[in-house]
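>>> Fold the following.
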Amino acid sequence: MPVAVSTIIVNYNSGQLLQACLASIERYFVQEREEVIVVDNASTDESWKQAQLHFPWVKFVQAGENLGFGRANLLGAQHAQGQWFFFLNPDTELHGDVIGAGLAFFKSPASLGVGVAGFPVVNAAGKPETSAGNFPTLWSLTKELLLPGSWFPHRLKTKSEAFFTLVDYVSGADLFVPRRYWVHTGGFDTDFFLYYEETEWQFRLKKLGLTRVLLPKPTLFHQVGTNNHKVSINKIRIFEKSRILYYVKTQGHWAGQYCRVMLSLFYGSRWFLGKGSHYKQAAQEVWHV
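Numbers count the residues shown, from 1 in each chain. All right, here's what the predicted structure looks like:
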């Protein structure tokens, strides 16, 4: 008998964090209702091997190479049996029966028209972290890059309903998704290697008339910033390529060009102010991604 929920985790050199994540899932694991799939993106730290020793009930899928976030999740979904998918980062830990809460919500009338749900995320101190965001626009890009942030404080657009809060998009750290919507949309766009894939996908959900929501509880602990992508020209290249791609796919090629101009001015000004020579390279590279 197929399980109800398939939890899909993409691992890339996550070290002990992956084991902590799986241990938190195990505390609430119900074999009859769920399965857990870990897609390993050719890790070199043996994190998946150690996790396999401690959690033999988890299904491990070898990507064979670093597919990035979106493509690896697509691979995991291909191996999944559940009617719902729960995409979860390996640097998270569940503080409660998140699977049960998501399943109960999507089996209730309140979930009519909901394309994806997420849960509140907290840091090590128990304080709320960003769990959702507004869809990026050219105006928000301009404010972010060229204008002092104190003039335009970030205010997440939300609307509270009886059972959830409506948002533009849910963070990719935890996404509870009905399988039928994932299949209908084709899931994450494979043109994205890392960053912005969940935002662009939920933009497509909006175009279909499906809402995106945050459920009030349980919470997840997110060890933010623990991946192995150092702040470097390579990380800037990957991030900005995805950002430009998002604008091209959602607003057209002219928007992608505008994004390049703004990014070039931003990184160029940081180099001019002596923040580092890699910013000069970044200002040039945005025209080649």
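
>>> can you give me the strands in the stretch 1-150 of the chain?
Applying DSSP state E, counting those that start in this stretch to the stretch 1-150 of the chain gives strands spanning 5-11, 34-40, 59-62, 84-88, 92-95, 114-118, 121-122, 132-133.

>>> Quick check: which of the ones you listed is nearest to Leu194?
strand 5-11 (10.0 Å; CB to CB). In this view, the C-beta of every residue, glycine as well, is placed from N, C-alpha and C.

>>> From the contact counts, what lies against the closest one?
Applying 3 or more CB pairs under 8 Å, 6 or more residues apart in numbering; DSSP states H and E, one finds that strand 5-11 contacts helix 16-26, strand 34-40, helix 47-54, helix 68-78, strand 84-88, helix 98-106.

>>> okay, the ones you listed in TSV with distance to Leu156, mean neighbour count and mean pLDDT next?
Shown next, in TSV, are the helices and strands packed on strand 5-11 (distance: least, CB to CB, whole Å; neighbours: other CB atoms under 10 Å; pLDDT from 0 to 100):
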stretch	distance to Leu156	mean neighbour count	mean pLDDT
helix 16-26	26	19	97
strand 34-40	30	23	98
helix 47-54	33	17	95
helix 68-78	22	22	98
strand 84-88	21	25	98
helix 98-106	21	20	97
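
>>> I'd like to know how far Cys259 sits from Thr130.
As judged by CB to CB, to the nearest Å, Cys259 and Thr130 stand 21 Å apart.

>>> Who has more neighbours out of those two?
Between Cys259 and Thr130, counted using other CB atoms under 10 Å, the more crowded position is Cys259 (24 against 12).

>>> hang on, isn't the more buried one packed against Leu245?
No. Look at Cys259 against Leu245 with CB atoms under 8 Å: they stay out of range, at 9.4 Å.
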